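Asker: coords please:
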Amino acid sequence: MMPDDIERMLDSINFPADIGLLWDYTPFGDVEPGFEDQPTGIDDTPYNENPRPNDSDMPRSPVSSSREPEKGKTVIIRPEDQEPIEHYLSTMVKFAKIRSSASDNIYCYIFTKMGLTHAPLYEAIIAWAALHLAHVKSSSTSNAEARYRRAVRLLYDDARTAEHVDLTLVTVWILLQYELFVAKGVDGFISLLNYVADVVEGIFERNSLDAVKEQLGTVGLRVLMWLAAYDSRAAPYGNPCRLLRCLKMHSAIYNDVDTRSKGSTHPVEFGTAESRACLRLALRFHILRGSGNILRHRQSENNSEQESAWTVFRRSLQEMREEVENSNSAASKLAMRVVNRDMDVPTTINAIEYNWMQLFATYHSIIIIYLQGYPQLKEDPEDERSWPSVEECAARIIRLSRQVTLSHPNSPQAIWPQILFVAGIYTDDPIYQSWVLAAFAQAEPWGPNMRKTRHLLERISKYPREVKSRLDIIALMDDLGGTFIV
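Answerer: Below you'll find the model as predicted:
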């Protein structure tokens, strides 16, 4: 957003000097008792790097748990919220994923059209923005922690999830941004994903595919695709990937991502036909990567069953290779030029080119999973030779990442933490390895998780090449202060 756009949006909110404005979400109640006594603003209390909610605050199944009917919640904008709102609209929107165009910023839409009418989402937005503000200022996170706990509690107490599934998915998405940023433990992250799985499984059980799309709306469907990526991202940490399994069972959902619907939010375009095709392909990649991570970390006494699963995985990966490497898209051809070391590539890339470069990077990260995880690969030299080596896949990911960084300097959109982390582990080129470490160092203003990832990668880089594939990354994280989602 341009500064003038931010000013106009803030002017429309019109903060009072003494009290916050109220947006009536439902006419039955006000702020929940006790929250008015929570600390607000950034105070001088000691910094706590481990803001974990109590077990009672964590989301539980909206299907199986017994809950009191919602009494209604009101979005309250307090005077002290002005700074985090300004920070969200000027800074946090830069975290939005690029889709159809550079101006297609879904985070702006989420705040204005959704956050101001749904208390759990509003509190999640304030918590995330306040947390980043505290990081930038090196100040206390107490306000962010309080708002996060309230957002989780409101999410859990919402007995009307089925009436606004899209709002629920977006709320969880923002809460997951908070969890990634804090980078302390994985339980909260996985609990939120399981909560979403409960919600999505429930709507698929009770509704037809068309009705599901109607409930999700275009925003909810887009965020569901992103949540699927996070489900895959958490697989190495013991996440059962229930959301991915559900979407795999109802795979027709991503064949219709361009269908407009009448969900509880206003329609949002998915962009051009090519951007929609990228979104569909990205979801298929997320499902495949999640399957590979589960296979790689699953202990099975039935070798034939395990080998059969890897055979299916290989077949799916081969199909993906055909689609990616033989695409006629001009954007995909540009990404292929970067992969093949073409130095005569424009520095500035558009949104579709960005998406294709991310798809190519994801594709090569899945090849690494396959080459490192398939136990029978060494027995089939022909199959092994048909794929680029692990080191070459890592080098290609780094070249793609570098190109994106040149086009989007000083932006969180320029770094793909998990994919780049994997490339940093397996590259055998010291120049590439130094570049990856520098990229994480430059990204540290965007969150302490970047610093922790860099420290972890520095530790891994000290091991010999032949040892890296056998390293217990989780154990190394524990040695450095605890597990976190890369």
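
Asker: drop to CA atoms for contacts and neighbour counts, all remaining ones
Answerer: Noted.

Asker: Okay, now the unreliable bits of the stretch 251-400 of the chain?
Answerer: Low-confidence segments of the stretch 251-400 of the chain (pLDDT under 70): 254-271, 299-302, 375-379.

Asker: please redo it, this time with the cut-off set to 50
Answerer: 258-268 (pLDDT under 50).

Asker: which element is I474 on?
Answerer: Counting by DSSP states H and E, the element that carries I474 is helix 473-479.

Asker: Now do that helix: everything it contacts.
Answerer: For helix 473-479, contacts defined as Cα atoms under 8 Å, 6 or more residues apart in numbering pick out 237, 456, 483-484.

Asker: Would you mind writing the CA trace of it as PDB?
Answerer: Output of helix 473-479 as PDB, limited to C-alpha atoms (Å, rounded to 0.1, in the frame of the first residue of the first chain):
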ATOM      1  CA  ILE A 473      17.500 -31.700  12.900                       C
ATOM      2  CA  ILE A 474      15.100 -31.700  15.800                       C
ATOM      3  CA  ALA A 475      17.900 -32.800  18.200                       C
ATOM      4  CA  LEU A 476      20.100 -29.900  16.900                       C
ATOM      5  CA  MET A 477      17.200 -27.500  17.500                       C
ATOM      6  CA  ASP A 478      17.000 -28.700  21.100                       C
ATOM      7  CA  ASP A 479      20.700 -28.100  21.600                       C
END
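
Asker: Could you list the buried residues of it?
Answerer: Buried positions in helix 473-479, judged by neighbour count with 16 or more other Cα atoms under 10 Å: 473, 476-477.

Asker: cool, stretch 437-450 as well?
Answerer: If you call a residue buried by 16+ other Cα under 10 Å, then stretch 437-450 has these buried ones: 437, 439-450.

Asker: do the same with stretch 75-89
Answerer: So stretch 75-89, judged by 16+ other Cα under 10 Å, has buried residues 75-82, 84-89.

Asker: Show only the entries of these found in strands.
Answerer: If you go by DSSP state E, the buried residues of stretch 75-89 have 75-77 in strands.

Asker: and which of these is nearest S139?
Answerer: Distances from S139 to these, taken as Cα to Cα, are shortest for I77 (22.1 Å).

Asker: so how far is I174 from that closest one?
Answerer: For I77, the distance to I174 equals 18 Å [Cα to Cα, to the nearest Å].

Asker: neighbours of R454, just the number please.
Answerer: For R454, the neighbour count with other Cα atoms under 10 Å is 23.

Asker: shouldn't it be in contact with F440?
Answerer: Yes - the criterion here is Cα atoms under 8 Å, and R454 meets it with F440 at 5.7 Å.

Asker: Which ones among the buried residues of stretch 75-89 map onto helices?
Answerer: Of these, the ones assigned to helices by DSSP state H are 82, 84-89.

Asker: Helices along the stretch 51-200 of the chain, start to end?
Answerer: 82-90, 106-109, 119-137, 142-157, 165-182, 187-206 (DSSP state H, counting those that start in this stretch).

Asker: who wins for proximity to I253 among those?
Answerer: So among those, helix 187-206 is nearest, using Cα to Cα, at 10.5 Å.

Asker: quick one, that closest one and helix 165-182 angle?
Answerer: Angle of helix 187-206 versus helix 165-182, following axes from the mean of the first three to the mean of the last three Cα atoms, to 10 degrees, is 160 degrees.

Asker: Can you name the next helix or strand after helix 187-206?
Answerer: Next along from helix 187-206, by DSSP H and E: helix 209-233.

Asker: which helices and strands does that next one pack with?
Answerer: helix 165-182, helix 187-206, helix 242-249, helix 273-297 (3 or more Cα pairs under 8 Å, 6 or more residues apart in numbering; DSSP states H and E).

Asker: buried ones in that helix?
Answerer: Using 16+ other Cα under 10 Å as the test for burial, helix 209-233 gives 212-233.

Asker: With only the CA atoms kept, save stretch 238-255 in PDB.
Answerer: Taking Å, rounded to 0.1, in the frame of the first residue of the first chain, the C-alpha atoms of stretch 238-255 are listed here in PDB:
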ATOM      1  CA  GLY A 238       5.100 -35.000  14.100                       C
ATOM      2  CA  ASN A 239       2.200 -33.200  12.500                       C
ATOM      3  CA  PRO A 240      -0.300 -35.900  11.200                       C
ATOM      4  CA  CYS A 241      -1.100 -33.700   8.100                       C
ATOM      5  CA  ARG A 242      -4.800 -34.300   8.500                       C
ATOM      6  CA  LEU A 243      -5.700 -31.200   6.500                       C
ATOM      7  CA  LEU A 244      -3.600 -32.500   3.500                       C
ATOM      8  CA  ARG A 245      -5.200 -35.900   3.800                       C
ATOM      9  CA  CYS A 246      -8.700 -34.300   3.800                       C
ATOM     10  CA  LEU A 247      -7.900 -32.200   0.700                       C
ATOM     11  CA  LYS A 248      -6.300 -35.200  -1.000                       C
ATOM     12  CA  MET A 249      -9.600 -37.100  -0.500                       C
ATOM     13  CA  HIS A 250     -11.500 -34.100  -2.000                       C
ATOM     14  CA  SER A 251      -9.000 -33.100  -4.700                       C
ATOM     15  CA  ALA A 252     -11.600 -31.600  -6.900                       C
ATOM     16  CA  ILE A 253     -11.600 -28.600  -4.600                       C
ATOM     17  CA  TYR A 254      -8.400 -27.300  -6.200                       C
ATOM     18  CA  ASN A 255      -9.600 -27.800  -9.700                       C
END
